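> here's a sequence, model it:
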Amino acid sequence: MEVVVERCCGLDVHQKTVVACTLVGNLSTNRPKKVIKTFGTRTFELQELASWLHDQEISTVLMESTGQYWCPIWNVLEKEGFKLILANPQRIKGIPGRKTDQKDAEWIAQLGRVGLVPQSYVPPTDIQELRSLTRTRTHLIVERTQHKNRIHNILQQGNIKLTGFLSDIYGKTGRKLIDLLLSGEKIEEETVLRCLHSRVKASQRDIVESLKGTLTKAHRFEMQVHFDIIDCLEEQITELSKEIRIRTAPYQEIIDKLIKIPGIKESCVEVILSEIGPDISAFQTQSHLASWAGLCPGSYESGGVRKKAHIGRGNKYLRTALYHAGRTAAHSNSHIFSEFYQRLASRGSKQKAVIATAHKILRVIYRTLESANKKSYCDGLGLTSQ
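Below you'll find the model as predicted:
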């Protein structure tokens, strides 16, 4: 194979150690000088690694995306001016020719020396921080939903049928009625009437009868614990949302364009910016972005017969946000997306139709970001974008 890098280093990253293997040699030789050394992962030890790489005049450093262990190493080496390449472990393992007695660092360095390590997308530091905030908010929302589901289960165990008459038992009316249950107060029509909102469609008698069950003291205690956790989670979600809005403020012009796309809400735009970033140049085409997001249509053909194929793996946070956007756009007033969804759904699978709609939205997002980047580039040169 043709050698494309004269001085490179492969890193095998672990929690407490990082093994570095440098390969130095002319492009014409297939037997470069090899040096292997192990460093710790504390900050001063990573700085020693950077100094050692500078001493050997290393230009390119490659590492696998092992959990979150690669992040501090990336942050230290990025400031030192190295060309960094983050590799997907699955793609490296799929390259044939690896010997069982080779160390990971040496194998990564050998692949990097001949240019066989595809680079994973790593956004700038500010987008990485924004991504961490949006992902944390997503996890808290999922956790809040889990606690709400547990409350639903407790109500069913106690034969409380309130969920059949209120669309949301966590709204103002629902919380007031549940507080009656938690306090152990006797359920009467006058008491319930004070809690009902004027927009509640269910009759007063139905609400009263739905609250008459067999909740035990243990049930009430457990429900109160879940509600306390939900209130705490909602407070933290609110604080995270405020911080996210502050960090996305510099991209308000892009946000205003993206939010006009049917199905896209403010929270979805924040996820898009945190996962993709405002600069779309890391993705050459719409297809590259769709594949990275995990929304690329599957293709499986054998013997001239096309068979069922699933979408590939990708960025689950972006894919989930776009899935919800696709489902909203499918039932929106936008004829472009609603008719597109209906045409595909009529063929059989509504789930596939939603995924296809999400894919269509992603292509629109790509073109929107592409035009925004082109405008920014032209403005920087003092030109007018066409």
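> residue ranges in the stretch 201-350 of the chain under the pLDDT threshold?
Applying pLDDT under 70 to the stretch 201-350 of the chain flags residues 298-309.
> quick check, central residue of this protein?
Tyr317 (2.3 Å; C-alpha atoms, centre = their mean).
> wait, is that residue part of a helix?
Yes. The assignment for Tyr317 by DSSP: H, G, I helix; E, B strand; the rest coil puts it in a helix.
> I'd assumed Arg135 was in contact with it.
Yes. Counting by C-beta atoms under 8 Å, Tyr317 touches Arg135, with 5.9 Å between them. All C-beta atoms are positioned from the backbone trio N, CA, C, and that covers glycine.
> tell me how many other residues crowd Val5.
Residues within reach of Val5, counting by other C-beta atoms under 10 Å, total 23.
> so the residue nearest to Trp74 when sequence neighbours are not counted is in which element?
Using C-beta to C-beta, 6 or more residues apart in numbering and skipping residues adjacent in sequence, the residue nearest Trp74 is Leu84, 6.1 Å away. Using DSSP states H and E, Leu84 maps to strand 83-87.
> that strand: what's the following helix or strand?
Next element after strand 83-87 (DSSP H and E): helix 89-93.
> so which elements touch that next one?
helix 104-113 (3 or more C-beta pairs under 8 Å, 6 or more residues apart in numbering; DSSP states H and E).
> hmm, try it at 7 Å
Helix 89-93 sits against no helix or strand, with contacts defined as 3 or more C-beta pairs under 7 Å, 6 or more residues apart in numbering; DSSP states H and E.
> now tell me what touches it from outside.
Residues from elsewhere that reach helix 89-93 (C-beta atoms under 7 Å, 6 or more residues apart in numbering): 64-65, 108, 111, 117-118.
> can you do 6 Å?
By C-beta atoms under 6 Å, 6 or more residues apart in numbering, the residues outside helix 89-93 that reach it are 64, 118.
> next one: stretch 279-296
With C-beta under 6 Å, 6+ apart, stretch 279-296 has contacts from 121, 311-315, 318-319, 358-359, 362-363, 366, 369-370, 373.
> do the same with stretch 268-275
With C-beta under 6 Å, 6+ apart, stretch 268-275 has contacts from 130-131, 134, 244, 248, 251, 255, 258-259, 315, 317-318, 321, 325.
> select only the buried ones of these in PyMOL?
Command for PyMOL, covering only those of these found buried under the criterion 16 or more other C-beta atoms under 10 Å:
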select buried, resi 130+131+134+244+248+251+255+258+315+317+318+321+325
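> in a markdown table: the contacts of stretch 268-275, plus distance to Pro72 and secondary structure.
Below are the contacts of stretch 268-275 laid out as a markdown table (distance: C-beta to C-beta, whole Å; DSSP: H, G, I helix; E, B strand; the rest coil):
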| residue | distance to Pro72 | secondary structure |
| --- | --- | --- |
| Leu130 | 19 | helix |
| Arg131 | 16 | helix |
| Thr134 | 21 | helix |
| Ile244 | 23 | helix |
| Thr248 | 25 | helix |
| Tyr251 | 27 | helix |
| Ile255 | 31 | helix |
| Leu258 | 32 | helix |
| Ile259 | 35 | coil |
| Asn315 | 22 | coil |
| Tyr317 | 22 | helix |
| Leu318 | 24 | helix |
| Ala321 | 28 | helix |
| Ala325 | 34 | helix |
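> before we move on, back to that, show residues contacting the strand holding Leu84.
By C-beta under 6 Å, 6+ apart, strand 83-87 touches 59-62, 64-65, 77, 117, 119-120, 122.
> output it as CSV, restricted to C-alpha atoms.
Below are the C-alpha coordinates for strand 83-87, written out as CSV (Å, rounded to 0.1, in the frame of the first residue of the first chain):
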residue,chain,number,x,y,z
LYS,A,83,-3.7,16.8,13.3
LEU,A,84,-6.1,14.5,15.2
ILE,A,85,-8.1,11.7,13.7
LEU,A,86,-10.8,9.9,15.7
ALA,A,87,-11.6,6.5,14.4
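> pLDDT of that strand, averaged?
The average of the pLDDT scores along strand 83-87 is 93.
> measure Gln68 to Tyr121 for me?
16 Å (C-beta to C-beta, to the nearest Å).
> for Ala325, same thing?
Counting by C-beta to C-beta, the gap from Ala325 to Tyr121 is 21 Å.
> likewise Arg42?
Relative to Tyr121, and taking C-beta to C-beta, Arg42 is found at 28 Å.
> alright, I will stop here.
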